[in-house]
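Participant: Give me coordinates for this.
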Amino acid sequence: MNDAAPLLKVRELTTVFHTAEGLLRAVDGVSFAVPRGKTFALVGESGCGKTVTAFSILRLVPSPPGEILSGRVELEGQNLPDMNEEQMRSVRGARISMIFQEPMTSLNPVLTCGSQIVEAIRLHRGSPSGRARQQAIEMLAKVGIPDAAQRFREYPHQLSGGMRQRVMISMALSCGPQLLIADEPTTALDVTIQAQILDLLRQLQQQALSILLITHDLAVVAEMADAVGVMYASKMAELAGAAELFARPLHPYTHGLFRSLPRLGTKKTRLEAIGGNVPNPLAFPTGCKFHPRCPIGRNLPRCRSEEPPLREVHGGHWAACWECPGFIDAPQTTPGDEGRSQS
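Facilitator: Predicted coordinates:
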């Protein structure tokens, strides 16, 4: 396998939910790549499809009502949707691990923290119980938990939110995965603990770990990400390297996200918000899904009637907006396959 090739490639992924009201497209034709040893961030408002994308990668979408309708999710060339459940169990935890938004609801409250890590180690590594216990304590210490042997014997409710998140991270990393999916890893933590968790993730990444970071916090993205995909209403609106995106955002939605950030040195009493709400996925608007909230496209016939594809407007910088400068003549390529036009 070429080390320069991305570890994970997501290609035209579409995930739907069958409901009594109709077909709900939670993820619609999403493509991106996670490089080896790098962090790729998925950004967007709640309800845009970020977490469903992560669950689709791990085949954790409940079926029924959910279904991966089409697309590919390639881990080192292997298409995960083609695997049977037994094969996927060997991928989850061992090759791809995930930490969730709220560790208190993700950890089993009636089992000690250590026993939950030991269970993961024994399942994926086949270690005897004594060796698995020692590995679990070593992993707890590695993620910065003091007195790891004591914490090993404690229950989740006996730990602070930051400590529980560290336990989740230690469990996720206990089997040496290649990819860590971090879904809002600093939600509900105070700023000091947030900084500690992000610093821990950066240290882990230096050991050749790839990270798919799911967040709505652009400050976290600026600190952590090498590349960023901005999702809106189940689709990818913009994708670029982090430095490029922050220096030159192209999509009106991305501009709106940046304008809503507080900035040092300004005297505004109110933050600028994007008007309106994320549309109901059972009743998406025609044309560009963002046009009802867009200051540019809401009155333009083409934006209201024709949905823009994702195009590579600049080298390595994709956007889906008819009014983006250079969009009309830009090639329609796939992120991760730069230079290869879609057929």
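
Participant: Name the residue closest to the centre of this structure, please.
Facilitator: With distances taken as Cα atoms, centre = their mean, residue 214 lies nearest the centre of the chain, 3.1 Å away.

Participant: sec struct for that one, please.
Facilitator: Under DSSP: H, G, I helix; E, B strand; the rest coil, residue 214 falls in the strand class.

Participant: That one and residue 284, how far apart?
Facilitator: Residue 214 is 21 Å from residue 284, where distance means Cβ to Cβ, to the nearest Å. All C-beta spots, glycine's among them, are computed from the backbone N, C-alpha and C.

Participant: And for residue 63?
Facilitator: 22 Å.

Participant: More neighbours: those two, which one.
Facilitator: Between residue 63 and residue 284, counted using other Cβ atoms under 10 Å, the more crowded position is residue 284 (16 against 11).

Participant: Listing request: residues of this structure with sub-threshold pLDDT.
Facilitator: The chain contains residues with pLDDT under 70 at 1-4, 103-104, 188, 262-269, 338-343.

Participant: For it, which segments count as helices?
Facilitator: Per DSSP state H, the chain carries helices over the ranges 50-57, 85-91, 103-106, 113-125, 129-142, 148-152, 161-173, 191-205, 218-224, 242-247, 252-259, 301-305.

Participant: Which of these sits closest to residue 236?
Facilitator: Distance to residue 236, taken as Cβ to Cβ, is lowest for helix 50-57 among these, at 9.7 Å.

Participant: Need the residues that contact that closest one.
Facilitator: With Cβ atoms under 8 Å, 6 or more residues apart in numbering as the test, helix 50-57 has contacts from 8, 10, 13, 15, 26-27, 30, 42-44, 61, 66, 68, 73, 80, 96, 98, 181, 183, 212, 214, 231.

Participant: at 7 Å what do you get?
Facilitator: 10, 13, 15, 26-27, 30, 42, 44, 61, 68, 73, 80, 98, 181, 183, 212, 214, 231 (Cβ atoms under 7 Å, 6 or more residues apart in numbering).

Participant: Mind splitting this protein into its structural domains?
Facilitator: Listed by automatic domain parsing, the domain ranges of the chain are 1-95+181-263, 104-176.

Participant: what's the offset of the last one from the middle of its chain?
Facilitator: The reference is to domain 104-176. 23 Å (Cα atoms, centre = their mean, to the nearest Å).

Participant: cool, and the longest one?
Facilitator: Computed by Cα atoms, centre = their mean, the chain-centroid distance of domain 1-95+181-263 equals 2 Å.

Participant: Quick check: the residue nearest to the centre of the chain touching residue 180?
Facilitator: No: counting by Cβ atoms under 7 Å, residue 214 stays clear of residue 180, with 11.2 Å between them.

Participant: Next, work out how far apart residue 166 and residue 55 are.
Facilitator: According to Cβ to Cβ, residue 166 stands 23 Å off from residue 55.

Participant: Neighbour count for those two, which is higher?
Facilitator: A direct count of neighbours by other Cβ under 10 Å for residue 166 and residue 55 places residue 166 higher, at 26 against 20.

Participant: Please tell me how far residue 68 sits from residue 47.
Facilitator: Taken as Cβ to Cβ, the span from residue 68 to residue 47 is 19 Å.

Participant: returning to that earlier point: is the residue nearest to the centre of the chain bridged to anything, and to what?
Facilitator: Taking DSSP bridges as the rule, residue 214 bridges to residue 42, residue 183.

Participant: check contacts around it.
Facilitator: By Cβ under 7 Å, 6+ apart, the contact set of residue 214 is 42, 50-51, 54, 182-184.

Participant: what do you get for residue 17?
Facilitator: Applying Cβ under 7 Å, 6+ apart, the residues near residue 17 are 24, 26, 65-66.

Participant: Filter those residues down to the buried ones and hand me the ChimeraX line.
Facilitator: A single ChimeraX command is used to select the members of the contacts of residue 17 judged buried by 16 or more other Cβ atoms under 10 Å:
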select :24,26,66
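
Participant: now for the contacts of residue 17, which pair is the farthest apart?
Facilitator: Farthest apart among those by Cβ to Cβ are 26 and 65. That separation is 10.5 Å.

Participant: ok, the residue nearest to residue 271 when sequence neighbours are not counted to residue 22 distance?
Facilitator: In space, and not counting its chain neighbours, residue 271 is closest to residue 260: 5.5 Å by Cβ to Cβ, 6 or more residues apart in numbering. Residue 260 sits 32 Å away from residue 22, going by Cβ to Cβ.

Participant: can you check residue 53 too?
Facilitator: Taking Cβ to Cβ as the measure, residue 53 falls 21 Å from residue 22.

Participant: out of those two, which sits in the busier spot?
Facilitator: Taking other Cβ under 10 Å, residue 53 and residue 22 do not tie; residue 53 has more neighbours (26 against 11).

Participant: Now tabulate the helices of the chain in a markdown table and tack on distance to residue 273.
Facilitator: What follows is these, written out as a markdown table (distance: least, Cβ to Cβ, whole Å):
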| stretch | distance to residue 273 |
| --- | --- |
| helix 50-57 | 20 |
| helix 85-91 | 40 |
| helix 103-106 | 29 |
| helix 113-125 | 40 |
| helix 129-142 | 41 |
| helix 148-152 | 41 |
| helix 161-173 | 28 |
| helix 191-205 | 22 |
| helix 218-224 | 14 |
| helix 242-247 | 20 |
| helix 252-259 | 8 |
| helix 301-305 | 21 |
